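S.K.: Structure here, sequence nowhere to be found:
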């Protein structure tokens, strides 16, 4: 069926009348069903999905094991609020998460419904535990859109414009994006110079180290453009926080749950954080957000923080099924197929000069588009055209940052499907050649 098909426009028109205009839709996809790495729209068109609903459907669309777990739990009870009562699925999920944490235990978990809630919990926890008021985050970051998380977020101006004043006590530092170093240095010295800004500028002129509760960082920036910093950047952040008694909070909302070929992206560096925040892929599409910390940190009194719907038993059941699938092979598949996809994406860089940089780990891959490789002028409009061109050819991708394309498919993606995605992306890039 030609895009958009006959049923799609009517639903989009109805949507425009009753749904918030703040949602950004890149192309007219109206989903009807999904299976594995494929999506079918209401007009019967089938697409290869390299978005996973923004890195959420880690186990693929409607994995039968996850669906079975959801149905079984739904048949028992849908809700009882784990903040006021007890139920075993939430307890078991806490145990399962503790077993996979990238830092020594014991651990406790706070359960919410989304990534922004997980990060709100981490902000409050850091302030409460350390008795310090300030937080350091990074330019290009995305931690959510509720006011606390939004105060840390700085990936796009549109996310912040018109919503101030923000939560006080938040400071931003440059992130080690070595392709376009924010402090103007060479790639090989970028990480060190970004860290020097924290140590020699921020902590000297703006905020005293003993007043900083935490540094909050994405091991790989998501909405900021799928930016992978050098390991040394995160290693040194750990040293800085340890020296000054700050907590290191790693936001694994987009990079966690096996997406990078390890359960958590921070594991590629060997760094052990104090707090890990999770959401997106943790429950294969059901709303769930979690902040997990060492037990000594997450020991605030009853009533200090809670969420009526957080840790919903159906979402917990979906998460338990998801974790089993990840452990039983999907994390490894993300590593293997991700390496294959990354190699293919780098080959596209050799072929298309508009591709200025390719980076990623596992099935979290970004292609940054530029009009000129020397000046690195951002090819934002061209990026949008490539995203649309992929859609028109049967591939779903999304933008990230100002001028990058993200490839974040379900972790069930096969090498053959990866090759199909690369072929379509090749044609779409050729269609906007620079």
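M.R.: On my side now, so go ahead. Remember, predicted model here, so these are calculated numbers, not experimental data.
S.K.: tell me the strands in the stretch 301-434 of the chain, going along the chain?
M.R.: Assigned by DSSP state E, counting those that start in this stretch, the strands in the stretch 301-434 of the chain fall at 355-361, 364-372, 377-378, 395-396, 398-400, 404-407.
S.K.: Need the winner for burial among those strands.
M.R.: Mean neighbour count (mean count of other C-beta atoms under 10 Å) peaks for strand 404-407 among those, with a mean of 27. C-beta here means a position set from N, CA and C on the backbone, and glycine is covered the same way.
S.K.: Given that one, what are its sheet partners and their directions?
M.R.: strand 364-372 (antiparallel), strand 398-400 (antiparallel) (DSSP bridges).
S.K.: how many neighbours does the closest residue to residue 28 other than its chain neighbours have?
M.R.: In this structure, residue 28 finds its nearest non-sequential neighbour in residue 4, 4.4 Å apart by C-beta to C-beta, 6 or more residues apart in numbering. Applying other C-beta atoms under 10 Å, we find 19 residues neighbouring residue 4.
S.K.: what do you get for residue 311?
M.R.: Neighbour count for residue 311, taken as other C-beta under 10 Å: 25.
S.K.: measure it to residue 341 for me?
M.R.: Distance of residue 311 to residue 341, given as C-beta to C-beta, to the nearest Å: 34 Å.
S.K.: closest to residue 426 out of the strands paired with strand 404-407?
M.R.: Ranking the strands paired with strand 404-407 by proximity to residue 426 (C-beta to C-beta) places strand 364-372 first, at 11.4 Å.
S.K.: got the angle for the closest one vs strand 355-361?
M.R.: Using axes from the mean of the first three to the mean of the last three C-alpha atoms, to 10 degrees, the inter-axis angle of strand 364-372 relative to strand 355-361 is 170 degrees.
S.K.: distance between the ends of stretch 291-301?
M.R.: Using C-alpha to C-alpha, to the nearest Å, one end of stretch 291-301 lies 16 Å from the other.
S.K.: Could you do stretch 388-400 as well?
M.R.: Terminal residues of stretch 388-400 lie 14 Å apart, using C-alpha to C-alpha.
S.K.: Run the chain-centre distance for it.
M.R.: In terms of C-alpha atoms, centre = their mean, to the nearest Å, the centre of stretch 388-400 is found 19 Å from the chain centre.
S.K.: one step back: any idea of the pLDDT on the residue nearest to residue 28?
M.R.: In this model, residue 4 is scored at 90, pLDDT.
S.K.: Check residue 1 too.
M.R.: Residue 1 is given a pLDDT of 71.
S.K.: Dump the strands paired with strand 404-407 into JSON lines; add distance to residue 355 as well.
M.R.: Listed next are the strands paired with strand 404-407 as JSON lines, based on distance: least, C-beta to C-beta, whole Å:
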{"stretch": "strand 364-372", "distance to residue 355": "5"}
{"stretch": "strand 398-400", "distance to residue 355": "14"}
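S.K.: what's the closest of these to residue 274?
M.R.: Among the strands paired with strand 404-407, strand 364-372 comes nearest to residue 274, with 23.1 Å by C-beta to C-beta.
S.K.: Averaged pLDDT, that closest one. What do you get?
M.R.: Strand 364-372 shows a mean pLDDT of 98.
S.K.: Check stretch 349-357 too.
M.R.: Per-residue pLDDT values over stretch 349-357 give a mean of 96.
S.K.: From residue 277, how far off is the closest residue to residue 366 other than its chain neighbours?
M.R.: Nearest residue to residue 366 in three dimensions, chain neighbours excluded: residue 226, at 2.7 Å (C-beta to C-beta, 6+ apart). Distance of residue 226 to residue 277, computed by C-beta to C-beta: 18 Å.
S.K.: likewise residue 37?
M.R.: As judged by C-beta to C-beta, residue 37 and residue 277 stand 26 Å apart.
S.K.: quick one, which of these two is more surrounded?
M.R.: Higher neighbour count among residue 37 and residue 277: residue 277, with 32 against 24, using other C-beta under 10 Å.
S.K.: what sits up against the helix or strand that one falls within?
M.R.: Secondary structure assignment for residue 277, by DSSP states H and E: strand 275-278. Residues outside strand 275-278 that contact it (C-beta atoms under 8 Å, 6 or more residues apart in numbering): 97, 101-103, 115, 118-119, 121-122, 125-126, 214, 247-253, 256-257, 264, 266, 289-293, 297.
S.K.: Fine, thanks again, bye for now.
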